[in-house]
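>>> have a look at this fold, sequence not included:
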């Protein structure tokens, strides 16, 4: 097994707790499914949110998915002029047998424009 990192992001339509939970939950589910992972494979997850998101913690969505014993951390993304608004990013550290070249990074919806080079 190796420690690898998988990235992802989603742009929210609005800053509401239920919507954030739904969208971040969909992002985490996609990261797990597209990489053949289970909760046991997760080491930790970092979340960042753009400064215009403040209705809830993105990590609350992970807890809602049952990731109760995975260390989670939320931080605010840099406030860069012209950056895409209402974005939650994720950096998950995982245990996997997959080589780095087979890790699938997940950028949902409009957030795919953030990393056209690795978005699936």
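Received it, and whenever you're ready, just let me know what you need. Fair warning: this is a prediction, and the values are worked out from it, not measured in the lab. Numbering: from 1, shown residues only.
>>> Three-state assignment for the residue nearest the centre of the chain, please.
For the chain, the residue nearest the mean C-alpha position is residue 90 (2.9 Å; CA atoms, centre = their mean). Under DSSP: H, G, I helix; E, B strand; the rest coil, the three-state class of residue 90 is strand.
>>> quickly list what the residue nearest to it when sequence neighbours are not counted is bridged to.
Excluding the flanking residues, the one nearest residue 90 by CB to CB, 6 or more residues apart in numbering is residue 8, at 4.7 Å. In short, each C-beta sits where N, CA and C put it, glycine included. Taking DSSP bridges as the rule, residue 8 bridges to residue 90, residue 106.
>>> just the pLDDT for residue 8.
pLDDT recorded at residue 8 is 97.
>>> what separates the helix ranked longest in the chain from the chain centre, distance-wise?
Longest helix in the chain by number of residues (criterion: DSSP state H): helix 17-34. Relative to its parent chain, helix 17-34 has a centroid offset of 8 Å by CA atoms, centre = their mean, to the nearest Å.
>>> and the next element down the chain from that helix?
strand 42-49 (DSSP states H and E).
>>> quick one, that next one and helix 17-34 angle?
Interaxial angle of strand 42-49 relative to helix 17-34 (axes from the mean of the first three to the mean of the last three CA atoms, to 10 degrees): 140 degrees.
>>> contact partners of strand 42-49?
3, 24, 28, 57-59, 62, 67, 70-77, 87-95 (CB atoms under 8 Å, 6 or more residues apart in numbering).
>>> give the pairing partners of that strand; include direction for each.
In the sheet, strand 42-49 lines up with strand 72-76 (parallel), strand 87-96 (antiparallel) (DSSP bridges).
>>> and that strand, what's buried?
42, 45, 46, 47, 48, 49 (16 or more other CB atoms under 10 Å).
>>> now swap in stretch 18-37 and tell me
20, 21, 23, 24, 25, 27, 28, 30, 31, 32, 35, 37.
>>> ok, stretch 109-120 next?
110, 111, 112, 114, 119.
>>> hmm, back to that, correct me if wrong: the residue nearest to the centre of the chain contacts residue 31.
Yes. Judged on CB atoms under 8 Å, residue 90 makes contact with residue 31 at a distance of 6.8 Å.
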